[in-house]
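A.B. asks: here you go, sequence then predicted model.
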Amino acid sequence: MRIGVVTFPGSLDDGDARRAVRLSGADDIALWHNDPDLHQVDAVILPGGFSYGDYLRAGAIARFAPVMESIVDAAGGGMPVLGICNGFQVLCEAHLLPGALVRNAHLHFRNRDQMLRVQSTTTAWTMNFTEGQEILIPVKNGEGRYVADEAVLDELESSDRVVARYVGGNPNGSSRDIAAIRNEAGNVVGIMPHPEHAVEALTGPSTDGMTFFASVLAHLGGKVGAEA
């Protein structure tokens with residue numbers, strides 16, 4: 001399987017995401033923001049960082065990158081896409097996910113190991129989790145507070161589109177403790193914490209993050225099997 005990781009000017013965690021992809025057993029493919037060619041990847045990760053310096057607002061310029069035009073089209077066709085932290089912000093700006101990520105309610109940057117509860121396993125990126133499973137994943141953000149109007153929040157809740165919630169404290173004031181959401185089809189997921197930083201016992205607080213990558217490989221493998 002070939003999983004592409006996009007590098008924007010200002011990306012910080014693209015190398016970590018590519019390493020996580022390799023550790024999962026997939027081929028990591030570098031995708032460049034200014035190149036619309038997705039190089040025949042099977043899935044895409046938008047990594048954390050400060051794309052284009054977070055000018056205007058986080059993710060606002062990245063949504064217009066040539067590579068994003070291709071990703072939006074591919075996501076519409078069912079390709080799995082995972083946006084991590086800044087990548088989540090880009091997905092919202094590109095209207096692949098509803099709502100927005102804004103400045104943390106307490107106006108401080110937060111960097112800590114964070115417990116999450118997996119709410120939805122009906123996504124390409126979480127199918128190997130158990131619903132209700134609690135996992136430990138690092139979080140680091142200054143504009144990580146997920147917000148949406150009440151109608152959107154109610155729709156996310158009723159349609160099983162809240163993928164994960166913060167437990168043991170909300171680090172940024174996100175509405176309804178939301179840490180991750182998905183699109184209606186379940187192939188696009190945005191998550192504020194960093195699963196790519198929790199894939200090795202040596203360097204992470206856990207290896208819980210690896211299940212995100214294992215899930216998408218299982219999803220892609222299942223698609224190939226179905227097509228065969």
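C.D. replies: Okay, I see it.

A.B. asks: and Val139, what does it touch?
C.D. replies: Counting by C-beta atoms under 8 Å, 6 or more residues apart in numbering, Val139 touches 110-114, 171-172, 179, 192-194. Quick note: C-beta positions are derived from backbone N, CA and C, even for glycine.

A.B. asks: can you give me the helices in the chain?
C.D. replies: 14-24, 66-76, 86-93, 150-158, 210-227 (DSSP state H).

A.B. asks: Leu31 against Val44, yeah?
C.D. replies: Yes - contact criterion C-beta atoms under 8 Å: Leu31 and Val44 qualify, at 7.0 Å.

A.B. asks: where do the contact lists of those two overlap?
C.D. replies: 4-6, 38.

A.B. asks: quick check: end-to-end length of stretch 166-176?
C.D. replies: 9 Å (C-alpha to C-alpha, to the nearest Å).

A.B. asks: for the residue lying closest to Arg110 once chain neighbours are set aside, give me the pLDDT.
C.D. replies: Once flanking residues are discounted, Arg110 sits nearest to Pro171: 4.4 Å by C-beta to C-beta, 6 or more residues apart in numbering. At Pro171, the model reports a pLDDT of 97.

A.B. asks: how near is Pro171 to Leu23?
C.D. replies: 26 Å (C-beta to C-beta, to the nearest Å).

A.B. asks: these two: who's more crowded?
C.D. replies: Pro171 (24 against 16; other C-beta atoms under 10 Å).

A.B. asks: my read: the more buried one touches Gly144, true?
C.D. replies: Yes - using C-beta under 8 Å, Pro171 is in contact with Gly144, at 7.1 Å.

A.B. asks: partners of the most centrally placed residue in the chain in the sheet?
C.D. replies: Central residue of the chain (C-alpha atoms, centre = their mean): Gly83, 2.9 Å from the mean position. Judged by DSSP bridges, the bridge partners of Gly83 are Leu46, Gly190.

A.B. asks: for the worst-scoring helix or strand of the chain on mean pLDDT, packing partners?
C.D. replies: Lowest by mean pLDDT, DSSP states H and E among the helices and strands of the chain is helix 210-227, with a mean of 85. In terms of contacts (3 or more C-beta pairs under 8 Å, 6 or more residues apart in numbering; DSSP states H and E), helix 210-227 is packed against helix 14-24.
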